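Participant: Provided below for reference: sequence and predicted model.
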Amino acid sequence: KQVFVRPAVISRWGGDEFVVLLYQTDETACEAFQMSLEAGCMSSEADPIKLSMAVGSATIYRQEDTVNAAMVTAEKLMYKHKLLESKKVRSE
């Protein structure tokens with residue numbers, strides 16, 4: 001909630017997964033929010049372990065684009081990032 005200064009819908013998607021819906025947000029702004037989330041995660045105290053997160057994002061530009069398609073895209077990217085992040089965390 002600290003990262004998202006714009007009106008946002010933040011909800012739990014399942015387990016340890018969350019969804020953030022940002023209105024009137026382009027790809028550049030979305031990437032900036034994502035970087036802020038990751039920076040906050042990196043600067044968190046390791047108590048008892050270092051916090052890590054996998055993030056995926058997608059934007060909808062055209063009227064024919066659907067929320068469902070954007071969610072699928074974001075989820076695929078999140079799982080890709082999660083795989084890379086888990087390898088990094090294990091090696092550290």
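Facilitator: Right, received. Where do you want to start? Note that the structure is a prediction, hence the values are computed from the model and not measured. Residues are numbered from 1 along each chain as shown.
Participant: now Ser11: which helix or strand?
Facilitator: strand 8-14 (DSSP states H and E).
Participant: tell me the strands beside that strand, with direction?
Facilitator: Here strand 8-14 is paired, per DSSP bridges, with strand 17-22 (antiparallel).
Participant: could I get the partner strand in PDB with only the CA atoms?
Facilitator: This file holds the C-alpha atoms of strand 17-22, laid out as PDB (Å, rounded to 0.1, in the frame of the first residue of the first chain):
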ATOM      1  CA  GLU A  17      -0.100 -14.200  -4.400                       C
ATOM      2  CA  PHE A  18      -1.600 -10.700  -4.600                       C
ATOM      3  CA  VAL A  19      -3.100  -8.700  -7.400                       C
ATOM      4  CA  VAL A  20      -2.900  -4.900  -7.800                       C
ATOM      5  CA  LEU A  21      -5.200  -3.200 -10.300                       C
ATOM      6  CA  LEU A  22      -4.100   0.300 -11.300                       C
END
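Participant: which other residues reach the strand holding Ser11?
Facilitator: Strand 8-14 has contacts (Cβ atoms under 8 Å, 6 or more residues apart in numbering) with 1, 4, 18-23. Quick note: C-beta positions are derived from backbone N, CA and C, even for glycine.
Participant: what's the answer for stretch 67-80, then?
Facilitator: By Cβ under 8 Å, 6+ apart, stretch 67-80 touches 17, 19, 54-60.
Participant: can you give me the neighbour number for Ala32?
Facilitator: 13 (other Cβ atoms under 10 Å).
Participant: tell me the centre residue of this structure?
Facilitator: By Cα atoms, centre = their mean, the chain has its centre lying nearest to Val55, at 3.2 Å.
Participant: that one contacts Gln34, correct?
Facilitator: Yes: counting by Cβ atoms under 8 Å, Val55 does reach Gln34; the two are 5.1 Å apart.
Participant: cheers, nothing more for now.
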